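**Q** Would you be able to build a 3D model of this:
(chains A and B)
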Amino acid sequence: MPQPPIYLDHAATTPVRPEVIEAMLPYFGAKFGNSSSTHRWGREARAATDAARERIGACLGANPDEICLTSGGTEADNLAVLGGWRVQRGSGRNAVVTTPIEHKAVLASAHQAAKEGGDERLLDVDATGVVSLESARTHLRPDVAIASVMWVNNETGVIQPIEELVALAKNVGAVFHTDAVQAFGKIVIDAKLTPFDLCSVSGHKFGAPKGIGAVFVRRGTALAPLFFGGTQDRGRRPGTENVPMAIALATAMELTLREKDAECARLLALRDRLEAALLERVPDAVVHGRGAPRAPHMLSLSVPGTDSESMLIALDLQGVACSSGSACQSGSVTASHVLNAMGVPPELGSAAVRMSVGKLTTDEHIDRVVALFPALIAKARSMAGRF
Amino acid sequence: MTDDRRQMTAKARVLVAMSGGVDSSVAAALLVRQGYDVVGVTMKLFEDGSELPDRPCCSLDSTSDARRVAELLGIPHYVLNMVDHFSRDVIADFVAEYARGRTPIPCVRCNTFTKFSDLVAKADGIDAQYVATGHYARAIDGELHRGLDDNKDQTYFLWGINRLVLKRLMLPVGTMTKPETRALARELELPRVADKPESQEICFVPDGDYVKILRRELGDAAPALSPGRIVTMDGRDVGEHGGFARYTIGQRRGLPGGSGDPLYVVALRPETREVVVGPREALLGTRVAASGINWLVETPPLAGDEVQVRIRHRAPLAPAVVEQVDDGEVSLSLLSPVSAISPGQSAVFYDGTRVLGGGFID
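**A** Okay, here's the model as predicted:
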């Protein structure tokens, strides 16, 4: 029997934590009520949802009424960016400012705003994957309705200068959104410390199930809703509240924050050891975002003379699950818009492999990956030019 | 074989091209049953797959079907992005051939370049000794033979592949009939695939409307899509057409009707943009000249040898005598005339069930 496979793709998704499953279970059973109902079942559900909202808020330095629950990160980003732009339509603030390295949920929302008449502006990004503050100074003008910059990039792990960007946006009176989907649990996100207006998180990145996310909406920040129907969540997000998932998100967030410092130190050590060992064995490998501040769980690496698709297949056949930047729906590997925006040459960008450590990762996993990597690279390079 | 011995024998790895259709799904299932280390792949060949929901292959749905079958079989499955190469090697040639007044068969070039060259390179990349597909043909001892199901035989599309690849080729459904394949898919409870309709059209041509592709690639003003004259073989002008690329040898549709014998397209003259028409008898020919020849046997036939030739998919094999074999070119004389020998189609040479080679009709 071969050795058990190694999951190095925690930036894609994580296993649901047993504590989270346990916390959800009663709400699939006896406590099945609709939190909008008047009767005891409804009250029970309402109380549970409200408590969850409060706990989620506490994890973000927010009030419960500032938490809007969504189906996940994509909806949170859409609601924030598109809802934040649409609500200001006709106010003289028509621009949406974002960056070329955002998740598609933000980029496509900005494109949609542009289709609806918005003025879309993309900030420059330097070679290490950091958004240029100078470019932000140029583009953040009093005509900006909303600016959206991710806190941690989902391909490189590079941390963006959110404090400075928020300040620049505030200076011109623009609403500021940050996609913190990869950041939560890795760096401090506190609405009391950083005056962002909107902030998206996604539960399945840290131990909640897929299908639950939230957007922090600072008091006084208006959003045009994406959905129409009931009055749930103050009309920002109509639809029967998903009680067990709200509890799942709250539980996963609390657990993650409780363990944050120790877990981040552990992940950083694992990632840095992996990075150093791979660079030692493949000296011409390029680590994307190296030199910039990076979240502790991610490593994006290109080996010249290889390609992502072949590398991912070869790794998977050896039992190692990694990812390239973004996969299209069919599952085929496509060129990374993030690395492209960083000015990474196409032949290197198309070789990128993202390894993300997390809950499941052990020292032994790192040893095994490091041990099999050189042969895998040698093989991939011997195939170069054959296709 | 005992379980212990089975574990000790390292099973050869096979890369199987899975389109999501019944043939390749059953092929994969058979290889798994035979104990091979099977790796399934679906080739993504063009970008607009998601807009063609009912395509038997290459659409998002088909890829998902292939993945589901692979999951059921317990084998890994990957999507290979081969869009650039397919566009260069297959679609560009398809367009260029129509622009030259010929009738291309993209499946031949897909097999030659995409499946049995690029895909073989991918197989090498994962140390797969064998490459398998769901073609109805048989690879036996480095030779290519017709599939046992005469109705389904696909060797007409396979003549162009590198002969050396034949030794690494596995065609598990080539010994089966289509009904047997479907029955096996049902028996194995392969999800969704057993009753999928047959793929007859060209995968990258939505609704069989190849002119749409030509317009996209060549532009509406291209000579091949511009109006021209329809003339008879003796030079009589009988009407106008909307672009010679819309016509193919033997076609009746889109020609002026009226009294007299029905007219057929007998030739295309791209240099004058003329479509030449004539009576059915004018389609008959006894001479086939082909170029771009590829041999699948060690000792190709010589002038004077008798072979069987097929000039169209599913056409009966026609006995012929080789007249000349030259540097990549062959001419043959058919023992009895056949209809509509179309430039751009393939001429495939057989010795019984064995495929000798083939070429593109000039």
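**Q** mind showing which ranges of the stretch 51-200 of chain B have poor pLDDT?
**A** B:51-59 (pLDDT under 70).
**Q** Near chain A, which residues of it? Just list them.
**A** B:60, B:63, B:67, B:76, B:78-81, B:85, B:118, B:121-122, B:124-127 (C-beta under 8 Å from any C-beta of the partner chain). Heads up, the C-betas are built off the backbone N, CA and C, glycines and all.
**Q** Narrow those residues to those that are buried.
**A** B:60, B:63, B:67, B:76, B:78-81, B:85, B:118, B:122, B:124-126 (16 or more other C-beta atoms under 10 Å in any protein chain shown).
**Q** still on that earlier bit, among the residues of the stretch 51-200 of chain B next to chain A, which are located in strands?
**A** B:78, B:79, B:80, B:81 (DSSP state E).
**Q** mind putting those residues in JSON lines, distance to residue A:174 included?
**A** Converted to JSON lines, these look like this (distance: C-beta to C-beta, whole Å):
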{"residue": "B:78", "distance to residue A:174": "44"}
{"residue": "B:79", "distance to residue A:174": "40"}
{"residue": "B:80", "distance to residue A:174": "44"}
{"residue": "B:81", "distance to residue A:174": "39"}
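**Q** pLDDT of the top helix by length along chain A, averaged?
**A** Longest helix in chain A by number of residues, with DSSP state H as the criterion: helix A:243-281. Across helix A:243-281, pLDDT averages out at 98.
**Q** buried set for it?
**A** Those buried within helix A:243-281 under the rule 16+ other C-beta under 10 Å are A:243-257, A:260, A:263-264, A:266-268, A:270-271, A:274-275, A:277-278.
**Q** After it, which helix or strand is next?
**A** Downstream of helix A:243-281, the first helix or strand assigned by DSSP states H and E is strand A:286-287.
**Q** confidence score at residue B:272?
**A** Value for residue B:272, per-residue pLDDT: 96.
**Q** Skip the chain neighbours and tell me the closest residue to it.
**A** Nearest non-adjacent residue to residue B:272, counting by C-beta to C-beta, 6 or more residues apart in numbering or on different chains: residue B:228, 7.4 Å away.
**Q** For burial, what's the neighbour tally of that neighbour?
**A** Neighbourhood size, residue B:228 [other C-beta atoms under 10 Å in any protein chain shown]: 21.
**Q** I figured it hits residue B:271, correct?
**A** No: in this structure residue B:228 lies outside contact range of residue B:271 using C-beta atoms under 8 Å: 10.7 Å.
**Q** Give me every residue in the stretch 1-150 of chain A lying close to chain B.
**A** So the stretch 1-150 of chain A never meets chain B (C-beta under 8 Å from any C-beta).
**Q** so who does the nearest residue to residue A:72 once chain neighbours are set aside touch?
**A** Ranked by C-beta to C-beta, 6+ apart and with sequence neighbours excluded, the top spatial neighbour of residue A:72 is residue A:213, at 4.1 Å. For residue A:213, the contacting residues are A:69-76, A:181, A:200-203, A:249, by C-beta atoms under 8 Å, 6 or more residues apart in numbering or on different chains.
**Q** do residue B:280 as well
**A** B:261, B:262, B:264, B:339.
**Q** cutoff 7 Å now
**A** Shown in contact with residue B:280 (C-beta atoms under 7 Å, 6 or more residues apart in numbering or on different chains): B:262, B:264.
**Q** Next: the one 3 residues further on.
**A** The neighbours of residue B:283, taking C-beta under 7 Å, 6+ apart as the test, are B:250, B:264, B:266, B:339, B:340.
**Q** Ok, residue A:79 next?
**A** A:68, A:70, A:215, A:223, A:226.
**Q** so it is in which element?
**A** Going by DSSP H and E, residue A:79 is part of helix A:73-86.
**Q** again with residue B:40
**A** With DSSP H and E as the test, residue B:40 turns up in strand B:37-44.
**Q** And for residue 99, the neighbour number?
**A** In the absence of a named chain, chain A is used. There are 28 residues near residue A:99, going by other C-beta under 10 Å.
**Q** switch to chain B, that's the one I care about
**A** Other residues close to residue B:99 by other C-beta under 10 Å number 18.
**Q** Contact partners for it?
**A** B:218, B:222, B:224, B:245.
**Q** Neighbour-wise, give me the winner out of those residues.
**A** Neighbour-wise, the contacts of residue B:99 (other C-beta under 10 Å) top out at residue B:245, 28 neighbours.
**Q** give the contact list for the residue lying closest to it once chain neighbours are set aside.
**A** The shortest distance from residue B:245 to any non-neighbouring residue, by C-beta to C-beta, 6+ apart, is to residue B:224 (3.8 Å). Residue B:224 sits next to B:98, B:99, B:214, B:218, B:243, B:244, B:245, B:270 when contact means C-beta under 7 Å, 6+ apart.
**Q** ok so the first one is a strand residue?
**A** It refers to residue B:98. No: read with DSSP: H, G, I helix; E, B strand; the rest coil, residue B:98 is helix and lies in no strand.
**Q** Touching, it and residue B:245? I think so.
**A** Yes: contact criterion C-beta atoms under 7 Å: residue B:98 and residue B:245 qualify, at 4.3 Å.
**Q** who touches both of these two?
**A** B:214, B:224.
**Q** Check which residues of the helix or strand bottoming out on mean pLDDT in chain A are buried.
**A** When each helix and strand of chain A is scored by mean pLDDT, DSSP states H and E, helix A:346-349 comes last, with a mean of 91. Of all the residues in helix A:346-349, those buried under the rule 16+ other C-beta under 10 Å are A:348, A:349.
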